[in-house]
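# Need the 3D shape of this:
(chains A and B)
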2 protein chains.
Amino acid sequence: EGSLEKYYTEATHTESGICYLIKNFSWPYAFPSHSNPGTPGVILEGGELGYALSTAYGAVLDNPNLIVACVVGDGEAETGPTATAWHLNKFVDPRTCGIVLPILHLNGYKISGPTIFGRMSNKELKSLFYGYGYEPYIIEGGEDIYKEALEVFEECFRKIEKIKKIAKAKRALNKFLRLPMIILKTPKGWTGIKELKGEKIEGNYLSHQVVVKNAKSDAEELEALEKWLKSYKFNELFDKNKGFIKEIKSIIPKGDLRMGLNKHAFGKKTYRPLTLPNVEKFCEDAAEPGLNCSSSMRRVGLYLSEVFKMNKSNFRLFSPDETYSNKLDAVFKATMRAFVLPLKKFDKDMARSGGIMEMLSEHSLQGLMQGYVLTGRHGVFASYEAFIQIIASMVDQYAKFLRVAQEFEWRGDIPSLNYILTSSGWRQEHNGFSHQNPGFLGNMLQKPGCAINIYFPPDGNSTLVILKKCLESKNSINVIVAGKTCEPRWLTPALAQKELEKGLMIWDFASDKNPDIVLVAIGDYMTKEALAAIDIIKRETSEIRIRFVNICALSSQGFGIFNKRLTQEEFEEYFTSDKPVIFNFHGYPQILKQILFDYKCYAERYSIHGYIENGSTTTPFDMQIRNNTSRWQLAIEVFNKMRNKIEERKVKKLIKKYQDKIKEHVEYIKRYGVDPEEIELWQWRKF
Amino acid sequence: EGSLEKYYTEATHTESGICYLIKNFSWPYAFPSHSNPGTPGVILEGGELGYALSTAYGAVLDNPNLIVACVVGDGEAETGPTATAWHLNKFVDPRTCGIVLPILHLNGYKISGPTIFGRMSNKELKSLFYGYGYEPYIIEGGEDIYKEALEVFEECFRKIEKIKKIAKAKRALNKFLRLPMIILKTPKGWTGIKELKGEKIEGNYLSHQVVVKNAKSDAEELEALEKWLKSYKFNELFDKNKGFIKEIKSIIPKGDLRMGLNKHAFGKKTYRPLTLPNVEKFCEDAAEPGLNCSSSMRRVGLYLSEVFKMNKSNFRLFSPDETYSNKLDAVFKATMRAFVLPLKKFDKDMARSGGIMEMLSEHSLQGLMQGYVLTGRHGVFASYEAFIQIIASMVDQYAKFLRVAQEFEWRGDIPSLNYILTSSGWRQEHNGFSHQNPGFLGNMLQKPGCAINIYFPPDGNSTLVILKKCLESKNSINVIVAGKTCEPRWLTPALAQKELEKGLMIWDFASDKNPDIVLVAIGDYMTKEALAAIDIIKRETSEIRIRFVNICALSSQGFGIFNKRLTQEEFEEYFTSDKPVIFNFHGYPQILKQILFDYKCYAERYSIHGYIENGSTTTPFDMQIRNNTSRWQLAIEVFNKMRNKIEERKVKKLIKKYQDKIKEHVEYIKRYGVDPEEIELWQWRKF
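Numbering: from 1, shown residues only, chains lettered A, B, ... in the order given. Got it, this is the predicted structure:
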C-alpha cells in the first residue's frame, strides 16, 4: 500500500530452518521453543551494525521468564559491537532476568569470501566462547543435523532450567553461572543449487544474493533452478484446495506462540508508564536568579534515585563506567550496578541484580537500552558528551526505525530513548581536546522528519523539568545536554516549565523593553557567559537596551520542540525582525546556521559563537576564550555593534579594556594554572 | 608556549614500569626491545575509543622487521573495537609484515569499579585468547614479577623469531601460525598508597585519578603522600649535580632506540610519495557530454590496480567485505585479499600477503589504515556510504590529531586519510532505508578548522582526477562520494581537472548566457537529474535562460577546497547576485544551508533539494521522487519560479503535466517494479 518497505519489514526468510528477522531493524519477533512450549522466546538477527546480541540481552533484563534465542551471523560476528556483546553475560542476573541463548550461525561465508569464524578450528571456537563465559555446543554434520540440533536445543534448555533454579535458590550467590551457547554450522546456501557452470555454489560465498540471474534465457540455469525448487517437493506438502498437509500445519504454533505475536515483540503490550516523582521536591530555590549554585547532574542523580524506588523492574540507567564521574551517584541510594562475576568485599555499589548497567562499551549499552525500550520498559543513557558519538550510527538506525514504525498502527507506542550528555566539552579542560566533541548534536539535527529533540537546560531546575518530560514521552529520541559542575540557578520550576512549553523564553530579569540588540544563549555554560556579558555591559554603559533569550530546545525541524516548531511570526517576537542578534551556542556554529537559514534568514543580522574546535588542555574560562564564547568577547561584540548608541571614544576605550583583559588572562593562566577569582567568583547582580 | 596541550601531547606516564602513550591520539612511540635491541618496536595505548590494537596492526603491515608491543588497558579491552581487533592476527602475514605483541595490561579496575577481564579466571583468560588465535602468557605475582616479566618477554621474542623463520621459509604455507600475547597482571595504582582512612587504595579503583586531594590541610593525607613518594628513594637514584646514577643511565636507550625517535613513529621519516599512473590512461571518451556511460567505481578499480602494481608495499586498500560489491574488483588483477587462515581450493582472490584488507569491521579497518598512514604509507578506505557513519567518532578523533599535529614542525608531513563512499544511498533502493544515510558528510563538514575535503565527482573521469589529487595530498582527510552504477560521462579529463581547481564549474554545454535562473548539482546522481530537468525545460519552453553549475568540492570552510574557499565575489560570479538558485544536493539539505549561510545569505533566493529521510525499498527513480530531487520536481520548480517569463496558461499546463507524471509513476512502479523506459533510457541532447 504505497510503500514496498511495508512488505519488506514484514518479510522473513529462512536459512537452515531458523527464522531470521529482517536485517537492521533489530525488532524482536517471537520464536516458540519446541522444548518448552510455554516459554516464549524472541529471536533476533543483527544486520550490518551487529547489535542483535546486545539488544537481546536488553530484552531479557527484568523479564525473568523470558528466553531469547538470538541468532548472530558469522559476518555480523566480525563487527566490534558484537565481539564485545558476548561479555554481556557478566551483567545479567539469571535470578531476576531472563536468559539469552546465543546461536552463532556459522555458514562460513560473507558476501564475497570466507568469514573469520568459518575458518577457525572447532577447538578455537570452543576455546573462544568458553573464554567469553559460555558453555559452547557445536551443531554440525550432514544428514543427522535435525536430530543433533533437537538434542542440543533440549540440552541447552535443560541447562538453562538448572541454572535458573540455582540462581533462584541462592540469593547471596557469589559465583558466575556459565550458560550455554550454540555454534550452528551449516553450508551457506544450504539445500540450494550445489554447482553451476563449474563453480561451487552451496557451501561457498557464491550462494549469497541471486544465484541464477539468467534462467529465462540460459537453459543450464533454468534446469538448475527447476531441480532446486522441485527438491522441496512442494506439491507433496501443499494442496491447492486444502492448503498445507496436516504434518506441516501441526508444527505451526498457535496464538501467542506464533512468531510476531509474542507480547514482548510489541512494546505497546508490555508498556507501563513510569510513576514519576514531583519535580518540585528535587528543585532548589531560585527565587533570586543566579544567587545560588547547583550541579545539574547531582539533581538528576537524586531524582533518578527516586525513579528507581518507584519503578521496580521498569527502569534502568545505562552508563559506560561513568555514574560516579558524571556525579549521578545518588542513584546508588536506590540501586546498584549489575555485575554477576564474583564480587570482593571492598567492591562498592555492585550487586547481581543492580539496575544500573555499567560497561565500558557504548555499543553494548545502546543495544541493551534498545532491547529494554523496544520491549516496553524505560531507560536513560548517561554519557560523556564527547563519547556518545561512538554510537552515532546505531542511533541513526534507531531513528529510521522510529520513523517507519510510526506508519504502522499495530506497532503502538513505546517509550522514548533518552540520553543525557554531560561532562560537557566546555568543562573537559582537564582531559583535553579528545574529550571535547559536540558532534552528535549535528548528527541528530540534520535528520529532517525524525522525532528528535535536543534539550539544553540552562540550570539544575530546568534539567529536572526537562528530564521528567522526556521520561513521560513516547516514540522519540531525546537528548539532554547539561553539565555536572556547580553552576548558577536561574529558573524556578514554574519558569523552567514555562520556558519548556515553547522551548525558549525571554528572561525578564536580564532584559530591557524595546531592545537595541538581542543576546541569545543555548546551553548552561553559554547562558552563564551571556549573562556575565550583560552584567558587564550594564555596568559599563547605560545606553544599550538589551534582551536576553534562552533557548532550551532544538529539534530536527528548527527552534523548539519536535512538531511544535517555532513559526516565523513567533521567531520575530523573540528575536525582533531587524535588530542584531548574537547567539552563544553550546555546539558547532554550523548547526545553528542551518536552523536559522529556515527562518527568513538575512545572515548579516546574526552572529554565532560556538565551539570552533579550539580545544586543548587548559582552564575552563580559557576554553571559552579560545572559542570566542567568553563574556568578554560577547561584550566586545555588543559594544562594536552598538557604536551608534555610545560615544565613539567610550566604545574604543571599552573594547580596548576587554581586549587587554583577554591578553592578561592568557598570561595569568600560564602563571597560575587556574582562572582568576574575577571569573571563578562572578555572580549575577540585578540591574 | 601558549598551549598546555603541547606539554600534554609530549608527556608520558608510567604504570607498572611500562611506558604508556598519551591517550586518544594513537600516535606510535618507539619502544626498544631489550631482548632484540636491534629490532625497534612501537608501543601504543588506546584511550576511550579502544583502537590501539588495530592501529598497531596497521603499523606492522609491510614492515617485516618491525615488532610492535601494544599495550591494551583492561578498560579499553571492554570496547567493541578492541574486542574484534584481536582477530586482526588473521589478516597479517608474518612473512611480509611485522609482528604485533599485544600486552593486555590487566590492573583489574576502571575509573570506578572492576573490569570484566579483572574478574575472569586465568583459565577463562587463557581460553579466550587461545580462541582468538594467540599463545597467551600470563605475568602475575608479587616480588618476582620483574624476573617473570623478563623471562616471558624473552620467551615471546624467541617464539616470534621462530615463527618469522617458518613464515620466511615456506612461501606456500597454508597454516595459521599462532603468535604470543601477554596478559600482564599488576595491582591498580601499584607502588602507590596502600590504604587511606580505612579504604583500600592500591589494587582498587580508588587509585584512579588524584588519590590525596587534601594533603595541604590533612595531616593523615600528607603523611601517606610523603611515605609514598619517599618509597621510591629518589635521593639514592638522583644527584642534584650529577643527575641520575650510572645504573639508571645505563638502561636509557641510545639514539634511535629512544622512545619517540624510532623512525616509524614519524610518518615523515618513512614517507615515500606514491608513483601514480597518468589519469588519462584510464579515462574514457567524453567529448560528447552524456553520450556514453561508465561506472565510477569500475574506473577506480582499474586505476587502483595500476597503483598497486607501481607501489609495492606502500599502498593498501581497506574494505569491509565490499571490494566486489563496490565494483572495485579490477584490483584483483594486481593483488589479493589478505587472509592467513587456511585457504580452500575454491577460494578466490585471497592470499597470505594480499594488499587488500577485508574484514567486516569498519572499526578495525579504520585502525589499520591509521596505523599504516601514521607510519608513512598510503591507503584508501572504500565503504558503503551508509556504513562509514559507524566510525564517525574515530575519524573525529583523527581530525583532532591532524589539527594539533599541524602545530608541531617535528611531526612533518604524512599522507592523507582517503575515503571512497560508494554504493550511495540513492542507489540503495533494493537494500532499503537502513542503507540510505549520508550523515557522515554533515559530521565532517561541521568541524571548522580541520583539514577535511568532501568531493562529489559528477562522473567517472572526474572521479579519477579527484582520486589522483587525494592520493598526492598530505595531512588531510579526503572523502570521495561516487556511485558504482553505470551513469553518463560528462567531462573530459581536462575539464574535470579545470572544475577541480576551484571545486566547481559552470557547464557551458548546458548553460545560457545571462541566465534568469541557476540550477546547481552536487553529486553524480543529482547532476544527472538536474541535467535531465534542463533537458525537459529546454524542450518544453524557449523562454527560460538557465545556467548549470556543478560543484565537486565542499570543505569544512565552505564551497571549494580546504584553504581555497570560494570568496563572496567568486560566489556571485557562479551563482549571480540576485537570480533564483536551485540546488540539488546528494546529502541532507541542512548541510548546504550551513554553508550558504556564510555567503551573504538571503535564504528566499535559494531552494535546496536533498535527502530528506524519505527512504525505502523501491526503485531508483522513486528514491528521487520521494525526496523531491527528481528531474520532474526540479522542472516544476523552475516553471514555478519563472512565471514572469512564460505565459501563465502554459506554466499551469506544464506544471500539471509533470505532476501527473509523478502520480502515474507511483502507479507504474507498483505494477511493474521497475522505472519506466523514459527514465532508464534517458540521454542528454544538445539544445
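
# make it CA atoms for all contacts and neighbour counts henceforth
Will do.

# how much space between A:Phe308 and chain B?
Look at A:Phe308 and chain B: by Cα to the nearest Cα, to the nearest Å, they are 21 Å apart.

# Quickly find the element holding the closest residue to chain B within the stretch 551-687 of chain A.
Going by Cα to the nearest Cα, chain B is nearest to A:Gln594 of the stretch 551-687 of chain A, at 4.4 Å. Here A:Gln594, judged by DSSP states H and E, is contained in helix A:589-597.

# Tell me the helices and strands packed up against that helix.
With contacts defined as 3 or more Cα pairs under 8 Å, 6 or more residues apart in numbering or on different chains; DSSP states H and E, helix A:589-597 has these neighbours: strand A:558-559, strand A:606-609, helix B:589-597.

# Tell me which of those lies nearest to B:Ile546.
Closest to B:Ile546 of the helices and strands packed on helix A:589-597 is helix B:589-597 (Cα to Cα; 20.6 Å).

# average model confidence for the closest one?
Per-residue pLDDT values over helix B:589-597 give a mean of 95.

# What of stretch A:554-568?
Across stretch A:554-568, pLDDT averages out at 95.

# now stretch A:374-394
94.

# Kindly report the same for stretch A:443-463.
Averaging pLDDT along stretch A:443-463 gives 95.

# what's the straight distance from one end of that stretch to the other?
End-to-end span of stretch A:443-463 (Cα to Cα, to the nearest Å): 22 Å.

# And that stretch, what's buried?
A:443-463 (16 or more other Cα atoms under 10 Å in any protein chain shown).

# circling back: would you mind telling me which of the helices and strands packed on helix A:589-597 is nearest B:Lys249?
Among the helices and strands packed on helix A:589-597, strand A:606-609 comes nearest to B:Lys249, with 51.4 Å by Cα to Cα.

# How far off centre is the next helix or strand after that closest one?
Once the chain leaves strand A:606-609, the next helix or strand it forms, by DSSP H and E, is helix A:620-626. Taking Cα atoms, centre = their mean, to the nearest Å, the mean C-alpha location of helix A:620-626 is offset from the chain mean by 29 Å.

# which residues sit against helix A:620-626?
For helix A:620-626, the external contacting residues (Cα atoms under 8 Å, 6 or more residues apart in numbering or on different chains) are A:426-429, A:614-616, A:630, A:633, A:662, A:665-666, A:675, A:679.

# mean confidence score for that helix?
pLDDT averaged over helix A:620-626 gives 97.

# List the neighbours of the helix or strand just after that helix that are in contact with it.
Counting by DSSP H and E, the next helix or strand C-terminal to helix A:620-626 is helix A:631-641. Contacts to helix A:631-641, defined as Cα under 8 Å, 6+ apart, come from residues A:517, A:529-534, A:536-537, A:580, A:625, A:628, A:651, A:654-655, A:658-659, A:661-662.

# For chain B, what's the nearest residue on the stretch 251-400 of chain A?
Closest to chain B within the stretch 251-400 of chain A is A:Ser361: 4.6 Å, counting by Cα to the nearest Cα.

# Could you pull up the contacting residues of that residue?
Contacts for A:Ser361 (Cα under 8 Å, 6+ apart) come out as A:Thr84, A:Pro320, B:Glu78, B:Thr79, B:Gly80.

# Relative to B:Leu417, which of those is nearest.
Proximity of the contacts of A:Ser361 to B:Leu417 (Cα to Cα) peaks at B:Gly80, which lies at 22.5 Å.

# show me what contacts the closest one?
A:Thr79, A:Gly80, A:Pro81, A:Thr82, A:Ala83, A:Thr84, A:Ala85, A:Ser361, A:His363, A:Ser364, B:Gly50.

# and what of A:Asn174?
Neighbouring residues of A:Asn174 by Cα under 8 Å, 6+ apart: A:Val340, A:Leu341, A:Pro342, A:Leu343.

# In terms of helices and strands, where is it?
According to DSSP H and E, A:Asn174 maps onto no helix or strand at all.

# any idea how far A:Lys345 is from it?
11 Å.

# ok, back up a step: want to try JSON lines for the contacts of A:Ser361, with pLDDT and distance to B:Phe244 as columns?
Converted to JSON lines, the contacts of A:Ser361 look like this (pLDDT from 0 to 100; distance: Cα to Cα, whole Å):
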{"residue": "A:Thr84", "pLDDT": "96", "distance to B:Phe244": "45"}
{"residue": "A:Pro320", "pLDDT": "92", "distance to B:Phe244": "42"}
{"residue": "B:Glu78", "pLDDT": "94", "distance to B:Phe244": "39"}
{"residue": "B:Thr79", "pLDDT": "93", "distance to B:Phe244": "40"}
{"residue": "B:Gly80", "pLDDT": "94", "distance to B:Phe244": "43"}
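
# Looking at these, point me to the pair that's furthest apart.
Using Cα to Cα, those reach their maximum pairwise distance at A:Thr84 and A:Pro320, which is 13.4 Å.

# In terms of neighbours, single out the busier of these two.
Neighbour comparison, A:Thr84 and A:Pro320: the larger count goes to A:Thr84, with 26 against 21 (by other Cα atoms under 10 Å in any protein chain shown).

# Show the contacting residues for the more buried one.
Taking Cα under 8 Å, 6+ apart, one finds A:Ser361, A:Ser364, B:Glu78, B:Thr79, B:Gly80, B:Ala83, B:Thr84 in contact with A:Thr84.

# re earlier: can you flag the buried ones in the contacts of helix A:620-626?
When these are checked for burial by 16+ other Cα under 10 Å, the buried set is A:426-429, A:614-616, A:630, A:633, A:662, A:665-666, A:675.

# Flag whichever of the residues you listed scores worst on pLDDT.
Looking at the buried ones among the contacts of helix A:620-626, model confidence by pLDDT dips furthest at A:Ser616: 82.
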